[in-house]
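With the input below, show me the fold.
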Amino acid sequence: MEPDKQPLQNLQVDQPMVSSQGTLSNNIEDVTSDDNQLPNSLIPTIGMKFASVEEAYHFYNAYALQVRFSVRKNLNRKNKSNVVTMKCFTCNREGKPKERSPTKAPPKFKRPEIRIGCNAHMKINICSKGAYNVTSFDLDHNHTTSTPTKAKMLKSHRSISKAQKALGYLADAAGIKPKETYDLLAKQAGGRHNLTFIPDDYRNYLRTIRERDITLGDAGALLQYLQDRQKGDPSFYYAIQLDSDDQITNIFWADGRSLLDYGYFGDVVCFDSTYKTNEYAYLLLFLAIVFYRAIKKATIFIFKHFVDSWSVNN
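Below you'll find the predicted structure:
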């Protein structure tokens, strides 16, 4: 047998995993010390019931942690009322790799293929009482699963605890760099090998918090400020760009004095792209432009409204 290979074909799946009331068992400690065996109470079975899709996912993900593979939420089907009627959770190595376009240049570094057609999955369907039944389950993998020490770092099993989030939030508010905070959390846990998340997870958490902090109140206050400036200065010009989710991405404004100065000294325009970023990670540029990242769309937006603001007032 290959090292760390799970002999899943020897597992017994004829016993139910949940109680007669359909409640989910969280007794992961029941797993035996022998990595080659799992108690029947932790293995999905056909007909098992769950109260919700999330409950089914957490159960299958807990099973996956013991078998040492990562879970991906795959197929999804909803009815006219937008209620999920079918959901399939698969091994993250399910499916076929994407075919590269022949017109694209080959990559300098080829990454190992993740999707290799693994069929391991658990599918649930809604039943008459609103609960969900397991209607299909395949425990066989066509690949070697992870090692016990690495399994917790697979994508579906990585997580940041509430205490670590609280400390990370305070550190970020105090201006501590993410790398330094991650090292602090690792030292607190007794080493990086004891953490259950990677630096990218922490950075993603900070990004989520920052986006959440830019609340409607902040956007409303900014819009009110621009409107007040326009009332006191008829030449004041501003424009706001939104993304597909109606979130503010770029803002341009120019007051009458700036436009007048440009009329006299318009043969040179200077952009200061080295100005320090504020807490929202925006750059303050010429004519009080708020510019998030130097990307093509934002650049087009800025110069379009720069020209429009000059045209309106001349």
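
CA only for contacts and neighbour counts going forward, please
Noted.

tell me the contacts of Met68?
Just so we're on the same page, residue 68 is Arg rather than Met. 145-148, 151 (Cα atoms under 8 Å, 6 or more residues apart in numbering).

Got the domain ranges for the chain?
Split into domains by automatic domain parsing, the chain comes to 1-95+115-150, 158-213, 216-312.

Quick check: the farthest pair among the contacts of Arg68?
Put simply, by Cα to Cα the two of the contacts of Arg68 set farthest apart are Thr145 and Pro148, 9.4 Å from each other.

Between the two, which is the more surrounded one?
More crowded of Thr145 and Pro148, by other Cα atoms under 10 Å: Thr145, with 17 against 14.

Could you tell me which residues make contact with Leu195?
Contacts of Leu195 (Cα under 8 Å, 6+ apart): 185-186, 189.

Most neighbours of all those, which one?
Leu185 (19 neighbours).

Over to it. Which of the three states is it?
helix (DSSP: H, G, I helix; E, B strand; the rest coil).

Could you list everything Asp138 pairs with in the sheet?
His121 (DSSP bridges).

For Cys88, see how far away it is.
11 Å (Cα to Cα, to the nearest Å).

So between these two, which is more surrounded?
Cys88 (22 against 15).

give me the number of residues near Glu54?
A count of nearby residues for Glu54, using other Cα under 10 Å, gives 10.

Can you give me the distance of it to Lys73?
Computed as Cα to Cα, the Glu54 to Lys73 distance reads 11 Å.

Next: Gln224.
For Gln224, the distance to Lys73 - Cα to Cα - is 42 Å.

Ala186 now?
From Ala186 to Lys73 the distance is 30 Å (Cα to Cα).

how about low-confidence regions in the stretch 151-300 of the chain?
Where the stretch 151-300 of the chain drops to pLDDT under 70, the residues are 213-218, 243-247, 265-300.

And the strands in it?
237-242, 248-254, 283-285, 289-291 (DSSP state E, counting those that start in this stretch).

CA atoms of the first one as CSV?
Right, strand 237-242. What follows is strand 237-242, C-alpha atoms only, in CSV (Å, rounded to 0.1, in the frame of the first residue of the first chain):
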residue,chain,number,x,y,z
TYR,A,237,-17.1,68.9,-10.7
TYR,A,238,-17.3,65.4,-9.5
ALA,A,239,-18.0,61.9,-10.9
ILE,A,240,-18.3,58.5,-9.1
GLN,A,241,-17.7,55.1,-10.7
LEU,A,242,-19.5,52.0,-9.4
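
Paired strands for that strand, with orientation please.
strand 248-254 (antiparallel).

sorry, back to before: what do Asp138 and Cys88 both touch?
Joint contacts of Asp138 and Cys88 (Cα under 8 Å, 6+ apart) are 121-122.

Pull the number of nearby residues for Ser101.
Neighbours around Ser101, by other Cα under 10 Å: 8.

What of Gly220?
Neighbours of Gly220 under the rule other Cα under 10 Å: 11.
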